[in-house]
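Asker: all I have is the shape, not the residue letters:
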(Lines give C-alpha, C1' and ligand atoms only; values in the text may rest on other atoms or scores of the structure.)
Protein backbone atom coordinates (compact mmCIF):
# COMPACT_ATOMS: atom_id res chain seq x y z
CA UNK A 1 0.00 0.00 0.00
CA UNK A 2 0.96 3.64 -0.49
CA UNK A 3 0.75 5.26 2.94
CA UNK A 4 1.02 9.04 3.32
CA UNK A 5 2.17 10.68 6.55
CA UNK A 6 0.86 14.24 6.63
CA UNK A 7 2.17 16.76 9.20
CA UNK A 8 2.76 20.51 9.46
CA UNK A 9 6.60 20.26 9.19
CA UNK A 10 9.11 17.86 7.68
CA UNK A 11 11.06 18.32 10.92
CA UNK A 12 8.14 16.73 12.78
CA UNK A 13 8.18 13.61 10.57
CA UNK A 14 11.94 13.25 10.95
CA UNK A 15 12.01 13.74 14.71
CA UNK A 16 8.76 12.11 15.83
CA UNK A 17 7.58 9.69 13.09
CA UNK A 18 10.85 8.28 11.80
CA UNK A 19 10.30 4.85 13.35
CA UNK A 20 6.72 4.79 12.09
CA UNK A 21 8.09 5.29 8.57
CA UNK A 22 10.50 2.40 9.10
CA UNK A 23 7.80 0.15 10.57
CA UNK A 24 5.50 0.81 7.60
CA UNK A 25 8.33 0.14 5.16
CA UNK A 26 9.22 -3.02 7.06
CA UNK A 27 5.64 -4.20 6.59
CA UNK A 28 6.01 -3.74 2.82
CA UNK A 29 4.34 -0.34 2.42
CA UNK A 30 5.59 2.61 0.38
CA UNK A 31 5.65 5.81 2.44
CA UNK A 32 4.91 9.32 1.17
CA UNK A 33 5.88 12.26 3.39
CA UNK A 34 3.52 15.20 2.79
CA UNK A 35 4.56 18.40 4.57
CA UNK A 36 5.91 21.91 4.00
CA UNK A 37 9.53 21.82 2.80
CA UNK A 38 12.23 22.62 5.36
CA UNK A 39 15.79 21.61 6.21
CA UNK A 40 14.68 18.03 6.98
CA UNK A 41 12.72 17.34 3.78
CA UNK A 42 15.67 15.96 1.83
CA UNK A 43 16.65 13.68 4.71
CA UNK A 44 13.23 12.05 4.48
CA UNK A 45 14.13 11.09 0.92
CA UNK A 46 17.83 10.24 1.12
CA UNK A 47 17.98 8.69 4.61
CA UNK A 48 14.48 7.25 5.04
CA UNK A 49 13.54 6.44 1.45
CA UNK A 50 10.26 8.36 1.50
CA UNK A 51 8.69 10.00 -1.49
CA UNK A 52 8.48 13.67 -0.45
CA UNK A 53 5.47 15.74 -1.52
CA UNK A 54 5.75 19.45 -0.60
CA UNK A 55 2.57 21.21 0.53
CA UNK A 56 2.79 24.82 1.68
CA UNK A 57 0.99 25.43 4.98
CA UNK A 58 0.60 28.40 7.35
CA UNK A 59 0.41 26.62 10.68
CA UNK A 60 -0.87 29.48 12.85
CA UNK A 61 -3.07 31.38 10.39
CA UNK A 62 -6.87 31.45 10.52
CA UNK A 63 -7.60 33.13 7.18
CA UNK A 64 -10.59 31.27 5.63
CA UNK A 65 -9.39 31.92 2.08
CA UNK A 66 -5.94 30.51 2.86
CA UNK A 67 -7.51 27.53 4.59
CA UNK A 68 -9.73 26.84 1.58
CA UNK A 69 -6.63 26.95 -0.62
CA UNK A 70 -4.90 24.55 1.78
CA UNK A 71 -7.77 22.09 1.38
CA UNK A 72 -7.30 22.29 -2.38
CA UNK A 73 -3.53 21.76 -2.04
CA UNK A 74 -4.13 18.65 0.03
CA UNK A 75 -6.77 17.45 -2.45
CA UNK A 76 -4.43 17.98 -5.40
CA UNK A 77 -1.63 16.09 -3.61
CA UNK A 78 -3.91 13.19 -2.71
CA UNK A 79 -5.33 12.95 -6.24
CA UNK A 80 -1.95 13.26 -7.93
CA UNK A 81 0.02 10.84 -5.73
CA UNK A 82 -2.85 8.44 -4.95
CA UNK A 83 -2.09 7.18 -1.44
CA UNK A 84 -4.22 4.26 -0.25
CA UNK A 85 -4.48 5.82 3.21
CA UNK A 86 -3.36 9.11 4.80
CA UNK A 87 -2.10 9.30 8.39
CA UNK A 88 -2.60 12.90 9.52
CA UNK A 89 -1.19 14.82 12.50
CA UNK A 90 -1.53 18.37 13.85
CA UNK A 91 -4.57 20.62 13.54
CA UNK A 92 -4.58 21.73 9.91
CA UNK A 93 -3.91 18.32 8.35
CA UNK A 94 -6.49 16.84 10.74
CA UNK A 95 -9.15 19.29 9.59
CA UNK A 96 -8.37 20.35 6.02
CA UNK A 97 -6.52 17.18 5.10
CA UNK A 98 -9.53 15.14 6.21
CA UNK A 99 -11.88 17.18 4.03
CA UNK A 100 -9.50 16.79 1.10
CA UNK A 101 -9.17 13.04 1.71
CA UNK A 102 -12.95 12.66 1.75
CA UNK A 103 -13.23 14.50 -1.58
CA UNK A 104 -10.38 12.44 -3.03
CA UNK A 105 -11.86 9.16 -1.82
CA UNK A 106 -8.91 8.30 0.43
CA UNK A 107 -9.38 6.85 3.95
CA UNK A 108 -7.87 9.07 6.65
CA UNK A 109 -6.49 8.23 10.08
CA UNK A 110 -6.06 11.23 12.37
CA UNK A 111 -4.02 11.77 15.52
CA UNK A 112 -5.08 14.46 18.01
CA UNK A 113 -1.74 15.23 19.63
CA UNK A 114 -2.90 17.99 21.96
CA UNK A 115 -5.50 20.68 21.55
CA UNK A 116 -3.28 23.74 21.47
CA UNK A 117 -5.23 26.83 22.46
CA UNK A 118 -8.59 25.53 21.22
CA UNK A 119 -9.82 24.50 24.68
CA UNK A 120 -7.40 26.68 26.68
CA UNK A 121 -8.51 30.06 25.28
CA UNK A 122 -12.24 30.52 24.71
CA UNK A 123 -12.72 33.02 21.87
CA UNK A 124 -14.08 33.35 18.34
CA UNK A 125 -11.16 31.46 16.81
CA UNK A 126 -11.61 28.53 19.20
CA UNK A 127 -15.35 28.39 18.41
CA UNK A 128 -14.57 28.28 14.70
CA UNK A 129 -12.00 25.52 15.32
CA UNK A 130 -14.55 23.44 17.22
CA UNK A 131 -17.06 23.83 14.39
CA UNK A 132 -14.42 22.79 11.86
CA UNK A 133 -13.48 19.74 13.93
CA UNK A 134 -17.15 18.75 14.18
CA UNK A 135 -17.59 18.97 10.42
CA UNK A 136 -14.31 17.35 9.38
CA UNK A 137 -14.36 14.56 11.98
CA UNK A 138 -17.46 13.01 10.42
CA UNK A 139 -15.16 11.46 7.84
CA UNK A 140 -12.00 9.82 9.30
CA UNK A 141 -11.71 6.05 9.39
CA UNK A 142 -10.03 6.30 12.80
CA UNK A 143 -9.11 9.09 15.22
CA UNK A 144 -6.32 8.38 17.70
CA UNK A 145 -6.13 10.47 20.88
CA UNK A 146 -3.01 10.69 23.02
CA UNK A 147 -4.89 10.87 26.30
CA UNK A 148 -8.42 10.02 27.41
CA UNK A 149 -9.17 13.56 28.65
CA UNK A 150 -8.92 14.88 25.09
CA UNK A 151 -10.97 11.97 23.78
CA UNK A 152 -13.74 12.56 26.34
CA UNK A 153 -13.75 16.28 25.57
CA UNK A 154 -14.30 15.60 21.87
CA UNK A 155 -17.08 13.13 22.69
CA UNK A 156 -18.78 15.54 25.14
CA UNK A 157 -18.79 18.28 22.49
CA UNK A 158 -20.13 15.88 19.88
CA UNK A 159 -17.10 16.41 17.65
CA UNK A 160 -16.50 12.75 16.78
CA UNK A 161 -18.27 9.38 16.89
CA UNK A 162 -17.02 7.19 19.71
CA UNK A 163 -16.87 4.15 17.40
CA UNK A 164 -13.99 5.61 15.37
CA UNK A 165 -11.89 6.72 18.36
CA UNK A 166 -8.96 4.95 19.99
CA UNK A 167 -6.10 5.77 22.35
CA UNK A 168 -2.33 5.65 21.83
CA UNK A 169 0.32 6.50 24.46
CA UNK A 170 1.47 9.70 22.80
CA UNK A 171 4.04 9.24 20.07
CA UNK A 172 5.60 6.51 22.18
CA UNK A 173 9.29 6.32 22.94
CA UNK A 174 11.95 3.99 21.61
CA UNK A 175 13.04 2.57 24.96
CA UNK A 176 15.74 0.45 23.31
CA UNK A 177 17.48 3.60 22.03
CA UNK A 178 16.61 5.95 24.91
CA UNK A 179 18.33 4.31 27.87
CA UNK A 180 19.74 5.77 31.10
CA UNK A 181 23.47 6.23 31.37
CA UNK A 182 24.46 3.96 34.28
CA UNK A 183 27.71 5.87 34.79
CA UNK A 184 26.10 9.34 35.02
CA UNK A 185 25.86 11.00 38.44
CA UNK A 186 22.35 11.11 39.92
CA UNK A 187 23.00 14.57 41.31
CA UNK A 188 25.14 17.31 39.84
CA UNK A 189 26.57 20.15 41.89
CA UNK A 190 24.95 22.50 41.23
CA UNK A 191 21.63 20.74 40.60
CA UNK A 192 20.34 21.15 37.01
CA UNK A 193 16.69 21.50 35.97
CA UNK A 194 15.87 21.38 32.25
CA UNK A 195 12.71 22.52 30.45
CA UNK A 196 12.30 21.51 26.80
CA UNK A 197 9.62 23.48 24.94
CA UNK A 198 9.03 26.24 22.46
CA UNK A 199 8.98 29.66 24.09
CA UNK A 200 5.18 29.87 24.36
CA UNK A 201 3.10 31.11 27.26
CA UNK A 202 0.92 27.98 27.09
CA UNK A 203 3.99 25.81 27.72
CA UNK A 204 4.38 27.49 31.12
CA UNK A 205 7.57 29.36 30.22
CA UNK A 206 6.71 32.41 32.31
CA UNK A 207 5.97 30.24 35.36
CA UNK A 208 9.29 28.44 34.84
CA UNK A 209 11.21 31.73 34.94
CA UNK A 210 9.36 32.87 38.07
CA UNK A 211 9.87 29.52 39.80
CA UNK A 212 13.57 29.55 38.90
CA UNK A 213 13.94 32.92 40.60
CA UNK A 214 12.14 31.68 43.73
CA UNK A 215 14.14 28.45 43.96
CA UNK A 216 17.48 30.20 43.44
CA UNK A 217 16.59 32.63 46.24
CA UNK A 218 16.49 29.61 48.60
CA UNK A 219 19.19 27.47 46.98
CA UNK A 220 21.62 29.83 45.21
CA UNK A 221 23.51 28.38 42.30
CA UNK A 222 20.78 25.95 41.20
CA UNK A 223 20.83 25.85 37.42
CA UNK A 224 17.73 26.23 35.26
CA UNK A 225 17.99 25.56 31.52
CA UNK A 226 15.51 26.09 28.69
CA UNK A 227 15.85 24.27 25.38
CA UNK A 228 13.52 25.19 22.50
CA UNK A 229 12.85 27.62 19.71
CA UNK A 230 11.42 31.14 19.96
CA UNK A 231 8.04 31.26 18.21
CA UNK A 232 6.38 34.68 17.91
CA UNK A 233 3.84 33.62 15.27
CA UNK A 234 0.12 33.52 15.94
CA UNK A 235 0.24 35.78 18.99
CA UNK A 236 0.78 32.89 21.42
CA UNK A 237 4.56 33.04 21.71
CA UNK A 238 6.60 35.19 24.06
CA UNK A 239 7.90 38.20 22.18
CA UNK A 240 11.65 38.09 21.70
CA UNK A 241 12.14 41.45 23.43
CA UNK A 242 10.17 40.28 26.48
CA UNK A 243 12.03 36.97 26.54
CA UNK A 244 15.39 38.72 26.41
CA UNK A 245 14.38 40.89 29.39
CA UNK A 246 13.57 37.72 31.34
CA UNK A 247 16.96 36.25 30.45
CA UNK A 248 18.75 39.37 31.69
CA UNK A 249 17.68 38.52 35.24
CA UNK A 250 20.14 35.62 35.03
CA UNK A 251 18.05 32.83 36.53
CA UNK A 252 17.53 30.72 33.39
CA UNK A 253 20.12 29.67 30.78
CA UNK A 254 18.67 29.64 27.27
CA UNK A 255 20.13 26.81 25.18
CA UNK A 256 18.41 27.62 21.88
CA UNK A 257 17.56 24.58 19.76
CA UNK A 258 19.42 21.31 19.32
CA UNK A 259 19.41 18.09 17.30
CA UNK A 260 20.76 16.28 20.37
CA UNK A 261 17.96 16.59 22.91
CA UNK A 262 18.93 13.32 24.67
CA UNK A 263 22.42 14.73 25.24
CA UNK A 264 20.94 17.68 27.13
CA UNK A 265 18.61 15.42 29.13
CA UNK A 266 21.54 13.24 30.18
CA UNK A 267 23.27 16.33 31.61
CA UNK A 268 20.22 17.36 33.68
CA UNK A 269 19.06 16.07 37.06
CA UNK A 270 15.36 16.63 36.48
CA UNK A 271 13.17 17.60 33.52
CA UNK A 272 10.33 20.11 33.91
CA UNK A 273 7.27 20.98 31.80
CA UNK A 274 4.69 23.33 33.40
CA UNK A 275 2.42 23.26 30.32
CA UNK A 276 -1.25 24.25 30.34
CA UNK A 277 -2.30 21.21 28.28
CA UNK A 278 -0.67 18.60 26.03
CA UNK A 279 -1.36 15.47 24.02
CA UNK A 280 1.40 13.44 25.62
CA UNK A 281 4.67 15.40 25.61
CA UNK A 282 7.42 13.61 23.71
CA UNK A 283 10.06 15.40 25.75
CA UNK A 284 8.71 13.99 29.02
CA UNK A 285 8.64 10.50 27.50
CA UNK A 286 12.26 10.91 26.43
CA UNK A 287 13.23 12.12 29.90
CA UNK A 288 11.37 9.25 31.57
CA UNK A 289 13.02 6.67 29.30
CA UNK A 290 16.41 8.20 30.16
CA UNK A 291 15.64 7.76 33.86
CA UNK A 292 15.03 11.35 34.97
CA UNK A 293 12.62 12.54 37.70
CA UNK A 294 9.87 14.70 36.19
CA UNK A 295 7.99 17.79 37.36
CA UNK A 296 4.93 18.70 35.33
CA UNK A 297 1.43 20.11 35.65
CA UNK A 298 -1.64 18.18 36.73
CA UNK A 299 -3.37 18.67 33.36
CA UNK A 300 -4.43 16.37 30.50
CA UNK A 301 -1.47 14.88 28.68
CA UNK A 302 1.10 15.83 31.30
CA UNK A 303 -0.39 14.02 34.29
CA UNK A 304 -0.21 10.70 32.42
CA UNK A 305 3.60 10.82 32.55
CA UNK A 306 3.92 11.16 36.34
CA UNK A 307 2.80 9.01 39.24
CA UNK A 308 2.94 11.72 41.87
CA UNK A 309 5.65 11.08 44.41
CA UNK A 310 7.00 8.02 42.59
CA UNK A 311 8.72 9.24 39.41
CA UNK A 312 8.21 12.96 39.96
CA UNK A 313 5.72 15.54 41.15
CA UNK A 314 2.59 17.14 39.72
CA UNK A 315 2.09 20.87 40.26
CA UNK A 316 -0.85 23.22 39.85
CA UNK A 317 -1.24 24.72 36.39
CA UNK A 318 -0.34 28.43 35.99
CA UNK A 319 1.12 28.53 39.53
CA UNK A 320 4.77 29.54 39.71
CA UNK A 321 4.61 29.21 43.51
CA UNK A 322 3.47 25.58 43.43
CA UNK A 323 5.94 24.80 40.66
CA UNK A 324 8.75 26.24 42.79
CA UNK A 325 7.59 24.17 45.78
CA UNK A 326 7.69 20.94 43.74
CA UNK A 327 11.09 21.80 42.28
CA UNK A 328 12.43 22.34 45.80
CA UNK A 329 11.05 18.93 46.79
CA UNK A 330 13.06 17.30 44.02
CA UNK A 331 16.13 19.39 44.79
CA UNK A 332 16.11 18.36 48.46
CA UNK A 333 15.66 14.63 47.88
CA UNK A 334 18.41 12.40 49.27
CA UNK A 335 20.50 10.82 46.52
CA UNK A 336 18.97 7.37 47.04
CA UNK A 337 15.42 8.74 46.66
CA UNK A 338 16.43 10.71 43.59
CA UNK A 339 17.84 7.52 42.07
CA UNK A 340 14.66 5.56 42.87
CA UNK A 341 12.54 8.29 41.28
CA UNK A 342 14.59 8.12 38.08
CA UNK A 343 14.28 4.33 38.01
CA UNK A 344 10.49 4.65 38.41
CA UNK A 345 10.43 7.01 35.40
CA UNK A 346 12.28 4.45 33.32
CA UNK A 347 9.90 1.67 34.40
CA UNK A 348 6.85 3.78 33.50
CA UNK A 349 8.29 4.54 30.06
CA UNK A 350 8.91 0.86 29.35
CA UNK A 351 5.55 -0.39 30.62
CA UNK A 352 3.20 2.34 29.42
CA UNK A 353 4.82 4.39 26.68
CA UNK A 354 7.00 2.05 24.63
CA UNK A 355 6.84 3.08 20.97
CA UNK A 356 5.96 -0.45 19.83
CA UNK A 357 2.51 -0.01 21.37
CA UNK A 358 1.90 2.93 19.00
CA UNK A 359 3.49 1.36 15.94
CA UNK A 360 1.47 -1.84 16.24
CA UNK A 361 -1.82 0.08 16.43
CA UNK A 362 -0.94 1.99 13.27
CA UNK A 363 0.18 -1.15 11.43
CA UNK A 364 -3.04 -2.97 12.37
CA UNK A 365 -5.17 -0.03 11.26
CA UNK A 366 -3.39 0.26 7.90
CA UNK A 367 -3.72 -3.49 7.34
CA UNK A 368 -7.41 -3.34 8.24
CA UNK A 369 -7.99 -0.59 5.69
CA UNK A 370 -6.03 -2.58 3.10
CA UNK A 371 -8.19 -5.67 3.64
CA UNK A 372 -11.40 -3.68 3.24
CA UNK A 373 -10.11 -2.05 0.06
CA UNK A 374 -9.16 -5.45 -1.35
CA UNK A 375 -12.66 -6.79 -0.66
CA UNK A 376 -14.26 -3.82 -2.43
CA UNK A 377 -12.07 -4.41 -5.49
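Answerer: Happy to help now that I have it. Computed from a predicted model, the values in this text were never measured in an experiment.
Asker: going forward, measure contacts and count neighbours with C-alpha atoms only.
Answerer: Fine.
Asker: who are the packing partners of whichever helix or strand residue 283 is part of?
Answerer: Taking DSSP states H and E as the criterion, residue 283 maps to helix 282-289. Contacts defined by 3 or more Cα pairs under 8 Å, 6 or more residues apart in numbering; DSSP states H and E place helix 282-289 against helix 261-266, strand 270-273, strand 294-297, helix 335-352.
Asker: including mean neighbour count and distance to residue 57, could the ones you listed go into CSV?
Answerer: Formatted as CSV, these follow (neighbours: other Cα atoms under 10 Å; distance: least, Cα to Cα, whole Å):
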stretch, mean neighbour count, distance to residue 57
helix 261-266, 17, 26
strand 270-273, 26, 28
strand 294-297, 29, 31
helix 335-352, 20, 33
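Asker: mind putting the ones you listed in JSON lines, mean pLDDT included?
Answerer: Shown next, in JSON lines, are those (pLDDT from 0 to 100):
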{"stretch": "helix 261-266", "mean pLDDT": "96"}
{"stretch": "strand 270-273", "mean pLDDT": "98"}
{"stretch": "strand 294-297", "mean pLDDT": "98"}
{"stretch": "helix 335-352", "mean pLDDT": "97"}
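Asker: which among these is found nearest to residue 16?
Answerer: helix 261-266 (12.4 Å; Cα to Cα).
Asker: pLDDT score assigned to the residue sitting furthest away from the middle of the chain?
Answerer: Centroid-distance maximum for the chain: residue 377 at 37.3 Å, with Cα atoms, centre = their mean. Reported pLDDT at residue 377 in the predicted model: 70.
Asker: also residue 274?
Answerer: For residue 274, the model assigns a pLDDT of 98.
Asker: low-confidence ranges in the stretch 101-250 of the chain?
Answerer: Applying pLDDT under 70 to the stretch 101-250 of the chain flags the ranges 116-125, 234-235.
Asker: do a quick rundown of the helices in it.
Answerer: 124-136, 148-156, 205-218, 240-248 (DSSP state H, counting those that start in this stretch).
Asker: deepest-packed of the ones you listed, please.
Answerer: Highest mean neighbour count of these: helix 205-218, a mean of 20 (counted as mean count of other Cα atoms under 10 Å).
Asker: how far is that helix from where the chain is centred?
Answerer: 25 Å (Cα atoms, centre = their mean, to the nearest Å).
Asker: so what secondary structure elements neighbour it?
Answerer: Using 3+ Cα pairs under 8 Å, 6+ apart: helix 205-218 touches helix 320-331.
Asker: one more time with 10 Å
Answerer: Packing contacts for helix 205-218, counted by 3 or more Cα pairs under 10 Å, 6 or more residues apart in numbering; DSSP states H and E, involve strand 192-196, strand 223-227, helix 240-248, strand 270-273, helix 320-331.
Asker: would you mind saying which of those lies nearest residue 204?
Answerer: strand 270-273 (7.2 Å).
Asker: so what's the closest residue in space to residue 162 that isn't next to it in sequence up against?
Answerer: Using Cα to Cα, 6 or more residues apart in numbering and skipping residues adjacent in sequence, the residue nearest residue 162 is residue 155, 6.7 Å away. Contact analysis of residue 155 by Cα atoms under 10 Å, 6 or more residues apart in numbering lists 149, 161-162, 165.
Asker: among the residues you listed, which one is most surrounded by other residues?
Answerer: residue 165 (18 neighbours; other Cα atoms under 10 Å).
Asker: do you know how far it is from residue 159?
Answerer: Look at residue 165 and residue 159: by Cα to Cα, to the nearest Å, they are 11 Å apart.
Asker: and residue 54, bridged to which residues?
Answerer: residue 35 (DSSP bridges).
Asker: just residue 86 next, same as before
Answerer: For residue 86, the beta-bridge partners under DSSP bridges are residue 4, residue 108.
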